[in-house]
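Colleague: Here's a sequence, model it:
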Amino acid sequence: MQLVKKSKFVKSAVNREDFPPPIYPEVAVVGRSNVGKSSIINAILGRNIAKVSSSPGKTRLINFFLVNDNFYFVDLPGYGFAKVSKREKDKWKRMIENYFRTRENLKFVILLVDSRHKPTQLDIMMKEWLEALNIPFIVVGTKVDKLNQSEKAKAKKIIRETLNLSKDIPVFLTSSKEKTGINELTKFIIDNLVV
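Modeller: Next comes the predicted model:
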């Protein structure tokens with residue numbers, strides 16, 4: 001069954017006054033610059049709508065996509081990209097914080113981590129930041145096609161332990177390339193956004 005029937009890019013924005021009107025529930029995606037954010041958005045939406053770049057750190061704005069005419073999917077700038085100046089990093093941090101603090105229709109955040117590696121200190125900080133702001137979140141491990149069966153089970157355990165996740169926070173393992181876990185993740189998003 002096709003869960004995403006239609007999706008369209010609405011706009012890119014930096015400031016609250018430029019965000020689309022908060023008339024639909026919203027889910028935001030956040031993760032390190034090279035975690036495969038655009039690829040997973042494209043896999044979930046079933047089309048190449050988010051720009052995939054070979055050089056990390058390309059998302060400099062907050063990108064809004066309208067899905068099935070009843071919720072927004074929001075692509076936030078990636079964090080932790082080394083080749084960006086401190087001033088630029090601080091600007092991104094302020095932009096994301098402003099979004100988190102003011103977006104009243106934000107229902108939850110998808111925190112992406114690379115399933116091939118232990119979550120980084122920046123991933124831990126993002127998780128703690130979301131908790132401090134009382135924003136519900138789920139964790140999605142990307143690039144799982146690079147792991148064998150026993151590594152997959154281990155990856156989930158490492159993600160849970162490193163991020164110190166409580167049992168009620170779902171962890172999905174996905175591959176945009178092979179579409180592993182994409183349907184389950186999409187179903188979770190739709191079930192938890194659209195009533």
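Colleague: Going by C-alpha atoms from here, please, whenever you check contacts or count neighbours.
Modeller: Noted.
Colleague: Need the phi and psi values for Phe64.
Modeller: phi -110, psi 130 (degrees, to the nearest 10).
Colleague: doesn't Pro77 make contact with it?
Modeller: No - contact between Phe64 and Pro77 fails when scored by C-alpha atoms under 8 Å: they sit 11.8 Å apart.
Colleague: Tally up the residues packed near Leu130, please.
Modeller: Applying other C-alpha atoms under 10 Å, we find 18 residues neighbouring Leu130.
Colleague: What of Gln121?
Modeller: So Gln121, with other C-alpha under 10 Å, has 12 neighbours.
Colleague: Could you do Glu128 as well?
Modeller: Neighbours of Glu128 (other C-alpha under 10 Å): 14.
Colleague: residue ranges for the strands of this protein, please.
Modeller: Secondary structure of the chain (DSSP state E): strands located at 7-13, 26-31, 62-67, 71-75, 106-114, 137-142, 171-173.
Colleague: Quick check: mean pLDDT of stretch 8-28?
Modeller: Taken as a whole, stretch 8-28 has an average pLDDT of 94.
Colleague: Hmm, I typed the wrong one, I wanted stretch 36-45.
Modeller: On average, the pLDDT along stretch 36-45 is 90.
Colleague: what do you get for stretch 111-125?
Modeller: Mean per-residue pLDDT for stretch 111-125: 95.
Colleague: buried ones in that stretch?
Modeller: For stretch 111-125, burial by neighbour count (16 or more other C-alpha atoms under 10 Å) applies to Leu111, Leu112, Val113, Asp114, Ser115, Arg116, Lys118, Pro119, Thr120, Asp123.
Colleague: distance from the centroid: which residue in this structure tops it?
Modeller: Distance from the C-alpha centroid of the chain, by C-alpha atoms, centre = their mean, peaks at Ser150 (25.3 Å).
Colleague: Settle this for me: Pro119 is touching Glu161, isn't it.
Modeller: No - contact criterion C-alpha under 8 Å: Pro119 and Glu161 do not qualify, at 9.6 Å.
Colleague: burial of Asn34, as a residue count?
Modeller: There are 19 residues near Asn34, going by other C-alpha under 10 Å.
Colleague: measure stretch 159-169 end to end?
Modeller: 11 Å (C-alpha to C-alpha, to the nearest Å).
Colleague: Distance from the chain centre to it, please.
Modeller: 17 Å (C-alpha atoms, centre = their mean, to the nearest Å).
Colleague: Run through who's touching it.
Modeller: Outside of stretch 159-169, the residues within contact range by C-alpha atoms under 8 Å, 6 or more residues apart in numbering are Ser115, Lys118, Pro119, Asp123, Ile124, Lys127, Phe137, Ile138, Val139, Gly141, Val171.
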